[in-house]
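Student: Would you be able to build a 3D model of this:
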Amino acid sequence: MALEIKILDYGDIELESSFLVLGRDCGRTRRVLTLGFLILGGKYPVVVDTGYRSNQIMETLGMRGLQYHEHMIENQLARHGVRMGDVRFVCHTHLHIDHAGKDDLFPMNTTVVLNRKELEYSVSGLMHPQYPAPDIKHLIDRLHTKSALRFLDLEITGPIELMPGVYCDAANAHTEGSMNIIVETADGIATICGDVIYDFNDQIVTPFHEIHDWEPRTTGNHGTSKRAEKAAIKKLLSNSRYLLPVHDRPAKIEGGNVVGRLHDQVPGPIVQSLPARNWFPA
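Tutor: This next block holds a predicted model:
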């Protein structure tokens, strides 16, 4: 059976717009998705990112969480016939407040997989409020429990195969330890890219039509250099057939451009097609 990715809806977040795209609509409030991913078709289910712990915890960042009963991770998994105990691996693109909040609901024999550098970064204080204590303390409990936590050293090893058709690779953007999860589907490479991309339209589609050709905009929330952020986005666009960020719906990529949008699975039906670029304007 070919690998496929199901979208898990963990609820929405209201936040200030320039947090998403640097300098974009400063002072305005936007509502964004918070998604997770369920990889099916392999020997066992794999979950990527677990959302935020509660609506209340988002208030610590001055944001508003909009998470209700239907968004609970156990209910999202149940939509696909999966129970918490069925999941073999929980992978994290990174450990920010809206990505690792439900790890403690999984049994300890479900292995949490992360880039070692990300756990180190989470306790460095460099982006301190975005790494809440309950989430990080739970990972320390896993560290001291056999097979409950698996570290990768992706900056040194390069991509690591988690299981046939699923690889982890250093993102080199957003946080110092962020990683991408690469999935080989029947329709090409799908990359779950965390928060390297927040918003396809404002970071990629619109900027590619502006004065600096092929120059994406960075997010307003990152711990690496602007050069690294832009390079990481360009690498994703170059190497993937599909891109799946956590705060926007998936996109289909052709020739480094966003050509379509998908909704609740990858591969899946295109729900929005984007016009081809005019390479030779009059």
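Student: When you work out contacts or count neighbours from here on, use the C-alpha atoms and nothing else.
Tutor: Fine.
Student: so what does the helix or strand residue 4 falls within touch, helix or strand wise?
Tutor: Assigned by DSSP states H and E, residue 4 belongs to strand 4-16. The contact analysis (3 or more C-alpha pairs under 8 Å, 6 or more residues apart in numbering; DSSP states H and E) places strand 4-16 against strand 29-40, strand 64-66, helix 73-78, strand 265-266.
Student: Between these, which one is closest to residue 224.
Tutor: Closest of the helices and strands packed on strand 4-16 to residue 224 is strand 29-40, at 22.3 Å (criterion: C-alpha to C-alpha).
Student: And the contacts of that closest one?
Tutor: 3-17, 45-51, 77, 98, 245-248 (C-alpha atoms under 8 Å, 6 or more residues apart in numbering).
Student: same deal with stretch 116-133?
Tutor: 60-61, 94-97, 136, 151-153, 175-178, 223.
Student: Model confidence score at residue 23, please.
Tutor: Per-residue pLDDT puts residue 23 at 88.
Student: Number of residues surrounding it?
Tutor: 14 (other C-alpha atoms under 10 Å).
Student: dump the residue contacts of it.
Tutor: Counting by C-alpha under 8 Å, 6+ apart, residue 23 touches residue 220.
Student: Restrict stretch 52-71 to CA atoms and write it as PDB.
Tutor: The C-alpha trace of stretch 52-71 is given here as PDB (Å, rounded to 0.1, in the frame of the first residue of the first chain):
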ATOM      1  CA  TYR A  52      -1.100  22.800  21.600                       C
ATOM      2  CA  ARG A  53      -1.900  21.600  25.100                       C
ATOM      3  CA  SER A  54      -4.900  23.900  25.800                       C
ATOM      4  CA  ASN A  55      -6.500  27.200  24.900                       C
ATOM      5  CA  GLN A  56      -5.200  28.600  28.200                       C
ATOM      6  CA  ILE A  57      -1.600  27.900  27.400                       C
ATOM      7  CA  MET A  58      -1.700  30.000  24.200                       C
ATOM      8  CA  GLU A  59      -2.600  33.000  26.400                       C
ATOM      9  CA  THR A  60       1.000  33.000  27.700                       C
ATOM     10  CA  LEU A  61       2.100  34.200  24.200                       C
ATOM     11  CA  GLY A  62      -0.700  36.800  23.900                       C
ATOM     12  CA  MET A  63      -2.600  34.500  21.500                       C
ATOM     13  CA  ARG A  64      -6.000  33.000  21.600                       C
ATOM     14  CA  GLY A  65      -6.500  29.200  21.200                       C
ATOM     15  CA  LEU A  66      -9.700  27.900  19.600                       C
ATOM     16  CA  GLN A  67      -9.500  24.200  20.300                       C
ATOM     17  CA  TYR A  68     -12.700  22.300  20.900                       C
ATOM     18  CA  HIS A  69     -13.800  18.700  21.600                       C
ATOM     19  CA  GLU A  70     -13.600  17.600  17.900                       C
ATOM     20  CA  HIS A  71     -10.000  18.900  17.700                       C
END
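Student: quick one: that stretch to chain centroid distance?
Tutor: Distance of stretch 52-71 from the chain centroid (C-alpha atoms, centre = their mean, to the nearest Å) equals 17 Å.
Student: ok, now stretch 181-190?
Tutor: Distance, stretch centre to chain centre, for stretch 181-190: 15 Å (C-alpha atoms, centre = their mean).
Student: Over to stretch 115-122?
Tutor: That offset, for stretch 115-122, works out to 16 Å (C-alpha atoms, centre = their mean).
Student: now do stretch 135-146
Tutor: That offset, for stretch 135-146, works out to 21 Å (C-alpha atoms, centre = their mean).
Student: just stretch 77-85 next, same as before
Tutor: For stretch 77-85, the distance to the chain centre is 20 Å (C-alpha atoms, centre = their mean).
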